[in-house]
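1. attaching a predicted model along with its sequence, questions to come.
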Amino acid sequence: MKIRNIYRNKKIVFSCEVFPPKPGAKKDSILETIRDLKSTSPDFISVTYGAGGETKEGTIEMAIKIKNTYEMEPLMHLTCVDTKKENVETILNKISQEGVENILALRGDIPADRNFKSTVSDFSYACDLAAYIKSHMDKFCLGVAGYPEGHPEAYSLEKDIKNLVRKIHSGASFVITQMFFKNDFFYAYLDKIKKIGIKVPVSAGIMPVFKAKLLSRMIKLSRATVPSELISIVEKYKENDVEMEKAGIEFATKQIEDLIKHGVDGIHLFTINRASLAKKISSYSNLR
Ligand code: FAD
């Protein structure tokens with residue numbers, strides 16, 4: 001099913017994000033995660049592509065398995081980094097034959113040791129990739145990324161929102177945001193994008209901080225602002241993994257409860273391949 005139709009039919013769309021195994025690594029654990037996630041009845045499961053140097057073939061394989069083995073709706077991420085038009089064509093042909101209908105079109109994380117110009121790509125920005133997919137094979141439902149605090153490379157939030165408009169005009173039907181830990185950023189972002197006429201549904205990206213070490217890695221990637229409440233939680237439980245996980249789940253649950261009260265279109269949980277987190281958070285926040 002096309003994800004834009006899921007948003008039409010559901011009050012709140014609940015989705016989970018997983019990443020494929022590294023090349024050569026066993027697939028048992030990710031397949032177990034996907035199987036376990038099924039018990040939370042997510043409306044769709046997204047699979048990252050090439051993030052942090054992980055395999056790209058694995059993404060395609062996982063998306064197809066989610067669709068045909070586990071009978072859930074996959075959202076396959078696809079990035080511009082190192083991507084040529086012919087690669088996109090091959091991928092689109094393959095996934096469309098297997099019934100995968102949804103793609104998250106992204107620029108992609110640039111490997112730490114390179115700049116974008118040194119990557120081999122036919123696409124500079126996510127809007128170019130989205131437009132190419134639309135013009136080449138208009139049978140996919142496309143999503144794109146949004147940044148409530150602005151993309152780290154953007155000159156300003158306003159300029160970044162103009163980029164979001166370009167992505168919607170290139171054919172995107174929904175937005176999934178970068179993680180944020182303070183809902184006020186998300187609400188202000190929604191106000192701004194609605195004011196300039198963006199009407200597509202927006203899912204809020206929620207990252208449960210279940211390990212103290214995770215937070216610094218996540219901030220480095222997303223540059224999300226961390227509220228003092230979350231800093232205190234991490235300080236308090238940094239030596240106690242069990243209590244840190246409980247507190248991280250509670251923090252994410254509270255964030256989601258508040259978003260639901262404010263009428264959010266969707267919650268997208270970055271699960272970091274831990275189905276147990278998704279189960280607890282979706283049940284505590286009454287999403288499932
Ligand atoms: P773009 O929309 O192309 O924007 C990139 C930057 O360029 C922004 O600063 C934007 O303002 C600017 N820009 C865009 N168009 C123009 C233009 N025409 N002129 C001038 N400036 C412009 N990364 C991965 O590698 N794999 C993944 O699977 C992955 N999944 C993600 C999932 C979600 C929900 C999110 C939020 C991010 C994900 N990322 C992933 C990270 C993402 O690829 C990075 O944040 C990347 O740096 C930007 O991607 P984008 O698609 O938002 O880029």
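-> Thanks, I have the structure now.
2. and the helix or strand bottoming out on mean pLDDT in the chain, what does it pack onto?
-> Ranked by mean pLDDT, DSSP states H and E, the helix or strand of the chain with the weakest confidence is helix 212-222, at a mean of 88. Here helix 212-222 touches strand 172-179, helix 228-237, going by 3 or more CB pairs under 8 Å, 6 or more residues apart in numbering; DSSP states H and E. Placement of C-beta: from N, CA and C, glycine included.
3. which of those sits most buried?
-> strand 172-179 (a mean of 23; mean count of other CB atoms under 10 Å).
4. is the ligand contacted by stretch 110-123?
-> No: figure legend: stretch 110-123 not in contact with the ligand (CB under 6 Å from any ligand atom); closest approach 6.8 Å.
5. within range of the ligand, give me the residues from the stretch 1-150 of the chain.
-> With CB under 6 Å from any ligand atom as the criterion, the stretch 1-150 of the chain meets the ligand at residues 48-51, 77, 79, 106-109, 125-127, 145.
6. also the stretch 151-288 of the chain?
-> 151, 153-154, 159-160, 163, 167, 176, 178, 205.
7. could the residues you listed be laid out in CSV, adding pLDDT?
-> Formatted as CSV, these follow (pLDDT from 0 to 100):
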residue, pLDDT
151, 97
153, 94
154, 96
159, 97
160, 98
163, 98
167, 98
176, 99
178, 98
205, 98
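8. filter those to the buried ones?
-> Among those, those classed as buried by neighbour count (16 or more other CB atoms under 10 Å) are 151, 160, 163, 167, 176, 178, 205.
9. for the stretch 101-250 of the chain, which segments count as helices?
-> Counting by DSSP state H, counting those that start in this stretch, the stretch 101-250 of the chain has helices at residues 126-136, 157-169, 183-195, 212-222, 228-237, 241-261.
10. deepest of the ones you listed, which one?
-> Among the helices of the stretch 101-250 of the chain, helix 126-136 has the highest mean neighbour count (mean count of other CB under 10 Å), at a mean of 20.
11. how about residues contacting the least confident helix or strand of the chain?
-> With CB atoms under 8 Å, 6 or more residues apart in numbering as the test, helix 212-222 has contacts from 109, 152, 178-179, 207, 209, 224, 226, 230, 234, 237-238, 244, 272.
12. ok, which pair from those is furthest apart?
-> 109 and 237 (28.6 Å; CB to CB).
13. still on that earlier bit, of the contacts of helix 212-222, which is the nearest to residue 141?
-> residue 178 (20.6 Å).
14. settle this for me: that closest one is touching residue 224, isn't it.
-> Yes: Residue 178 is within contact range of residue 224, at 7.0 Å (criterion: CB atoms under 8 Å).
15. overlap in contacts of these two?
-> residue 149.
16. on that earlier part again, confidence-wise, which of the helices of the stretch 101-250 of the chain is weakest overall?
-> For the helices of the stretch 101-250 of the chain, the weakest mean pLDDT is recorded on helix 212-222, namely a mean of 88.
17. how about stretch 279-286: buried residues?
-> Buried-residue list, stretch 279-286, by 16+ other CB under 10 Å: 279-282, 284-285.
18. for the residue nearest to residue 247 when sequence neighbours are not counted, what are its contacts?
-> In space, residue 247 comes closest to residue 233 once its chain neighbours are excluded; the distance is 4.7 Å by CB to CB, 6 or more residues apart in numbering. Counting by CB under 8 Å, 6+ apart, residue 233 makes contact with 209, 244, 247-248, 251.
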